[in-house]
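1. Turn this into a model:
(one chain, ligands or ions: 3)
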Amino acid sequence: MHAKIAVLPGDGIGPEVTTEAVALLQVVAEVYGHQFEFEQGLIGGSAIDDAGTPLPDATLALAKASQGVLLGAVGGPKWDKEPASRRPETGLLGLRKGLEVFANLRPITVFPELVDASPLKREVVDGVDMLIVRELTGGLYFGQPRGRSAGKGGIEVVDTLQYSEHEIRRILQLGFEIASQRSGNLTSVDKANVLESSRVWRELAEAMAVDYPGVTLSHQLVDSAAMQIVQNPKRFDVVVTENLFGDILSDEAAVITGSIGLLPSASLGAGGPGIYEPIHGSAPDIAGKGVANPLATMLSCAMLLRHSLSLEVEAQVIEEAVKRVLAEGARTADLAGQSIGSTGNSPIGTQEMAKRVREAVKRVAEDRAKNAG
Ligand SMILES: NC(=O)c1ccc[n+]([C@@H]2O[C@H](COP(=O)([O-])OP(=O)(O)OC[C@H]3O[C@@H](n4cnc5c(N)ncnc54)[C@H](O)[C@@H]3O)[C@@H](O)[C@H]2O)c1
Ligand SMILES: CC(C)[C@H](C(=O)O)[C@@H](O)C(=O)O
Ligand SMILES: [Mg+2]
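-> Ligands and ions are numbered 1, 2, ... in the order given. Now for the predicted structure:
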């Protein structure tokens with residue numbers, strides 16, 4: 001297969017982890033005889049510095065002309081005082097809106113080897129396998145009006161939580177579809193005791209449930225869901241929720257797995273290119289040190305292969321390779337020192353972890369070929 005992949009490294013640890021992810025995709029291409037063409041673009045703070053805007057037109061055009069977008073992370077203290085139009089995060093939001101990727105899939109999977117890397121008890125985290133389906137192009141992130149003005153009592157400020165019925169229906173529908181392919185357990189998370197948008201969300205979910213007799217729909221208020229995610233995460237399978245709730249709950253759920261450096265994501269729309277990025281940010285505290293965990297971005301490559309290129313085998317090979325290196329004891333600093341079977345007090349860096357995964361990809365592919373023959 002020939003595919004064009006846009007690579008947007010961004011800021012902080014973004015370039016460190018995307019470099020490794022591209023190298024991984026090159027190995028997959030080599031092993032399976034594909035041709036992946038990579039083209040880099042600017043986004044975020046580095047785009048502000050180089051082009052004066054967090055989302056240059058050329059970047060959006062590049063993304064639209066690709067089959068999938070691999071993104072690192074944006075943001076950092078250098079740009080925190082910029083006005084909204086020139087914030088790195090505005091570039092990322094513009095890209096999501098520009099590609100209309102309304103559905104953000106965030107799988108929360110606990111690797112058995114890392115059960116003890118979680119601060120939560122083994123019996124709470126062992127076996128967790130949930131998927132957060134986060135609405136990504138609506139809600140408080142994009143609603144109008146927004147902004148500040150001078151009022152009698154000082155600054156007046158408005159953010160608007162806005163959704164159309166169409167936007168709610170399409171994300172709920174995806175939640176139902178995915179739930180019907182998994183265990184049939186769908187939790188819709190809202191704040192229907194307070195927010196009108198949540199009440200409409202709930203009504204639409206109830207109405208849609210009739211079309212999915214194989215799915216058990218339950219509703220949960222977001223504050224209670226936040227508690228249950230750490231108290232009893234195994235009760236969740238597919239969680240569908242609005243933009244901001246999904247953002248917050250997915251970082252919280254990362255704790256279950258041991259590190260935010262493990263969690264990938266796919267942002268999908270109606271047929272255009274998807275965006276694949278780790279759920280973590282630019283991690284300014286560790287940027288440039290070569291210690292960032294590259295696995296979230298490498299697992300995002302697996303999601304890219306699966307969802308944008310329909311290369312399911314290749315996606316599984318990456319996921320298996322990651323499991324293998326973890327089983328062999330490889331740990332970056334965020335995972336080291338806590339988990340049984342780890343390299344103890346000698347964690348490996350970004351490059352070494354990524355190299356081991358690339359080598360494991362070759363081994364996994366060979367083993368699969370042997371078993372098939
Ligand atoms: N999608 C994105 O581009 C994205 C996502 C979240 C935050 N951000 C931005 O990133 C900046 C920093 O945000 P933050 O500090 O709140 O969140 P963060 O996710 O960047 O970091 C939170 C903590 O997790 C650690 N961490 C994150 N990724 C890691 C990895 N791969 N390996 C090891 N440790 C890792 C960091 O060192 C830090 O201690 C902000 O400007 C924020 O807006 C961007
Ligand atoms: C950087 C920020 C705009 C982004 C979000 O809020 O969606 C991030 O936190 C994420 O989870 O991808
Ligand atoms: Mg977030």
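2. per-domain residue ranges of the chain.
-> 1-105+263-373, 119-257 (automatic domain parsing).
3. what's the most buried one of the ones you listed?
-> Ranked by mean neighbour count, the domains of the chain are led by domain 1-105+263-373 with a mean of 20 (mean count of other Cβ atoms under 10 Å). To be clear about C-beta, it is placed using only N, CA and C from the backbone, and glycine gets the same treatment.
4. Against ligand 2 - does that one have any residue that ends up touching it?
-> Yes - using Cβ under 6 Å from any ligand atom, we find that domain 1-105+263-373 touches ligand 2 at Gly75, Glu89, Leu92, Leu93, Ile279, Gly281.
5. Do me a favour and get the end-to-end distance for that domain?
-> End-to-end distance for domain 1-105+263-373, by Cα to Cα, to the nearest Å: 23 Å.
6. Check the gap between the residue of the stretch 101-250 of the chain found nearest ligand 2 and ligand 1 for me.
-> Residue of the stretch 101-250 of the chain nearest ligand 2, by Cβ to the nearest ligand atom: Asp247 (4.4 Å). Distance, Asp247 to ligand 1, using Cβ to the nearest ligand atom, to the nearest Å: 8 Å.
7. residue contacts, that residue?
-> Contacts for Asp247 (Cβ atoms under 8 Å, 6 or more residues apart in numbering) come out as Arg134.
8. Ok, His219 next?
-> Contacts of His219 by Cβ under 8 Å, 6+ apart are Thr187, Ser188, Val189, Asp190, Ala192, Arg202, Ala205.
9. Out of those residues, which two sit at the greatest distance?
-> Thr187 and Ala192 (13.2 Å; Cβ to Cβ).
10. Turn the contacts of His219 into CSV, including secondary structure, distance to ligand 2 and pLDDT.
-> Formatted as CSV, those follow (DSSP: H, G, I helix; E, B strand; the rest coil; distance: Cβ to the nearest ligand atom, whole Å; pLDDT from 0 to 100):
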residue, secondary structure, distance to ligand 2, pLDDT
Thr187, strand, 20, 98
Ser188, strand, 20, 98
Val189, strand, 16, 98
Asp190, strand, 18, 98
Ala192, coil, 22, 98
Arg202, helix, 23, 98
Ala205, helix, 22, 98
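11. The spatially closest residue to Tyr32 that is not a sequence neighbour sits in which helix or strand?
-> Once flanking residues are discounted, Tyr32 sits nearest to Glu314: 5.6 Å by Cβ to Cβ, 6 or more residues apart in numbering. Taking DSSP states H and E as the criterion, Glu314 maps to helix 312-327.
12. Could you check how far the next helix or strand after that helix is from the centre of its chain?
-> Next along the chain after helix 312-327, taking DSSP H and E as the criterion, comes helix 350-372. Distance of helix 350-372 from its chain centroid, counting by Cα atoms, centre = their mean, to the nearest Å, is 23 Å.
13. Check which helices and strands helix 350-372 sits against.
-> helix 14-32, helix 295-307, helix 312-327 (3 or more Cβ pairs under 8 Å, 6 or more residues apart in numbering; DSSP states H and E).
14. and Glu167, which of those helices is closest to it?
-> Going by Cβ to Cβ, the one of the helices and strands packed on helix 350-372 nearest Glu167 is helix 295-307, 20.4 Å.
15. Compute the distance between Trp79 and Glu89, please.
-> Per Cβ to Cβ, to the nearest Å, Trp79 is found 9 Å from Glu89.
16. Need the overlap of contacts for those two.
-> Gly44.
17. near ligand 1, which residues of the stretch 251-373 of the chain show up?
-> Residues of the stretch 251-373 of the chain lying near ligand 1 (Cβ under 6 Å from any ligand atom): 260-261, 277, 280-286, 292-293, 296, 334.
18. Farthest pair within those?
-> It's Glu277 and Asp285 that sit farthest apart of those, by Cβ to Cβ, at 19.1 Å.
19. what about the stretch 251-373 of the chain, any weak spots by pLDDT?
-> 337-345 (pLDDT under 70).
20. Nearest to ligand 2: which residue in it?
-> Ile279 (5.4 Å).
21. Wait, that residue touches Ala254, no?
-> Yes - Ile279 is within contact range of Ala254, at 6.7 Å (criterion: Cβ atoms under 8 Å).
22. Need the residues touching each of the two.
-> Ile260, Leu263.
23. Can you tell me the element the residue in the stretch 1-150 of the chain that ligand 2 sits nearest to falls in?
-> Using Cβ to the nearest ligand atom, the closest approach of the stretch 1-150 of the chain to ligand 2 is made by Glu89 at 3.9 Å. For Glu89, the element it lies in under DSSP H and E is helix 88-98.
24. tell me what whichever helix or strand comes after that helix is packed against?
-> Remark: after helix 88-98, the chain's next helix or strand is strand 103-109, criterion DSSP H and E. On a contact count with 3+ Cβ pairs under 8 Å, 6+ apart, strand 103-109 meets strand 129-135, helix 165-181, helix 243-257, strand 264-268.
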